[in-house]
Every structure is written in C-alpha cells, then in structure tokens.
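**Student:** The sequence and its predicted three-dimensional model are supplied below.
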Amino acid sequence: MPPSFHRSRLRAVVRPSPFLPARAIDPVHLREQVLAIAVAVAAASVLAGNGVAAIGSTLDEEQRTAALPRPQSYSVSAAAPIAPALREDFTVTWTPPVVYPLGPGAEQTDGFGHRIAPCPGCSTDHKGVDWTPGEGTPVGSIADGVVTAVGYDGTFGLRVEIEHVIDGQAVTTLSAHLQDGSVPVSVDQTVEVGQLIGAVGSTGQSTGPHLHFEIHVGGAPINPVPWLAENVRTEPR
Ligand SMILES: [Zn+2]
C-alpha cells in the first residue's frame, strides 16, 4: 500500500470533530498526536496513583520515564529567618465560684418546706435540706465569704453562718448540727470556696448525725437543692 493511498484513506475516513481544533486531526501528525495523548494519559494515570502498568505495552521505557513526575528539590538559605517556637510556661487555674458543701453525692433525708416534725421541737416548716453523709464528714464553704456567726443554740446545735456575694447577690448559708469542736473558723473570718468550716454531727435538735443546710437569698430561705444544681460550677462558663 503506497503512503499516498494510506494518507488519502485516512483523510477520507477522519472527519473533523467540532470539539477539536483543525490541526488535531491532521493525518500527517495523527500518529504523534496519538502518542502525545498516550503520554498525557500515562502522566494522568501516574498522578492518579494508578501506575503505568496499563499503558506499559504502548510506551517504551524512555517515554514512560518522561511521563513520570520528576523529583523536585529545594533549599532554604541558612540566613533565612526562622522564628524559634517560643513557649511560655503558664498554668491555668480556675476556682469554681460555687461548690456543694459535702459534694454532690450525699444522701438527702429531708427536703425543703413543710413537713411532719421529725422530733419534739423540730420545725414543721423546714427551711433547709438534711443530708446524712455520716458523722465527721467534712463540711466546706460553698463559696468565698465571711463568717458571720459561729455558736450553739438549742435548735441548730453548733452552727456556722457565712455571707457570700454570688453573681452580685447577697447569699447567706447556714450549716447546723455540726460536731462538737469541729469548727475551725471564727466570726469575721474570710473563707474561700471549699474551705473546711466544720464536720457533720448531731448537736442540737437532731435525730442523728446529719447536716442541716440552709441558703438565704436576699434574707429569705430558698430550697438549696435546685439552687445548688443551678449554681455549682465544675468548669468555667
Ligand atoms: Zn434540717
């Protein structure tokens, strides 16, 4: 088959594609264009991570090598300013402004409000909450504050009152029936949140070792349980 016939046959069967420029189907350059496309496909295949195995039979080693991405290198001048990683030692400390006086797990044996008096002389209007964590359990101040009363009376036994300012509000706490000799704080003393103020006992009108705990907001007793649930913070917020 003479070359001229071959070319004319190609010219006859290859029609211009509307998607290719005219020179792309020039039969004279068709073979090298096919090869160029094959190389481009090989390069795309390598870039896609598929390797060159699929087109290995149509490309010789030199073409395959040419299709592979060339290794690159660069250097950085030693004079280039590289900022040292500065690191200052620091410690984040966060003190919760409000904590439970006994921790959150103490068993509650009597709630806030009206009740049947548990003993002769016990009130029917319970202005606090009773917890029974056991005799001698440490009692802490729920917040920073100032001790306003320490002493005995017939109802509360050994008691401690502390004034706090919590979220801008005057809050007073009363811890009662404390164990004899367990109170390490005195009137006018400043205390910090969580500071030991006494131990659970059974002094005064008491049926057994328990902490009677009151919270007064604006001078009026409130239910300590929901107030603590709302105000105790274990994390910054
Ligand atoms: Zn009580």
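**Tutor:** Alright, I've got the coordinates.
**Student:** only C-alpha atoms for contact and neighbour calcs from this point on.
**Tutor:** Fine.
**Student:** Point out the residues in the protein that sit beside the ion.
**Tutor:** By the rule Cα under 5 Å from the ion, the part of the chain lying against the ion is 130, 212.
**Student:** what's the domain layout of this protein?
**Tutor:** 3-67, 108-231 (automatic domain parsing).
**Student:** rank those domains by mean pLDDT and give me the bottom one.
**Tutor:** Lowest mean pLDDT within the domains of the chain: domain 3-67, at a mean of 51.
**Student:** how many neighbours does the closest residue to the ion within the chain have?
**Tutor:** Here the residue of the chain nearest the ion is H212; by Cα to the ion that distance is 4.1 Å. With neighbours defined by other Cα atoms under 10 Å, the count for H212 comes to 25.
**Student:** What of W227?
**Tutor:** 12.
**Student:** In a helix, it, correct?
**Tutor:** Yes. W227: assigned to a helix according to DSSP: H, G, I helix; E, B strand; the rest coil.
**Student:** This structure: helices as residue ranges?
**Tutor:** 3-13, 27-47, 61-67, 224-231 (DSSP state H).
**Student:** Not counting sequence-adjacent ones, nearest residue to the residue of the chain closest to the ion?
**Tutor:** Computed as Cα to Cα, 6 or more residues apart in numbering, the closest residue to H212 that is not its neighbour in sequence is D130, at 4.6 Å.
**Student:** Look up which residues are beta-bridged to that neighbour.
**Tutor:** Counting by DSSP bridges, D130 is bridged to D110, H212.
**Student:** Report the contact partners of it.
**Tutor:** 108-111, 210-213 (Cα atoms under 8 Å, 6 or more residues apart in numbering).
**Student:** can you pick the most crowded of those?
**Tutor:** Busiest of those [other Cα under 10 Å] is L211, holding 35 neighbours.
**Student:** What separation do you get for it and G204?
**Tutor:** 11 Å (Cα to Cα, to the nearest Å).
**Student:** Likewise for V232?
**Tutor:** 29 Å.
**Student:** do the same with E192
**Tutor:** Separation of E192 from G204 (Cα to Cα): 27 Å.
**Student:** repeat for G113
**Tutor:** Taking Cα to Cα, one finds G113 at 20 Å from G204.
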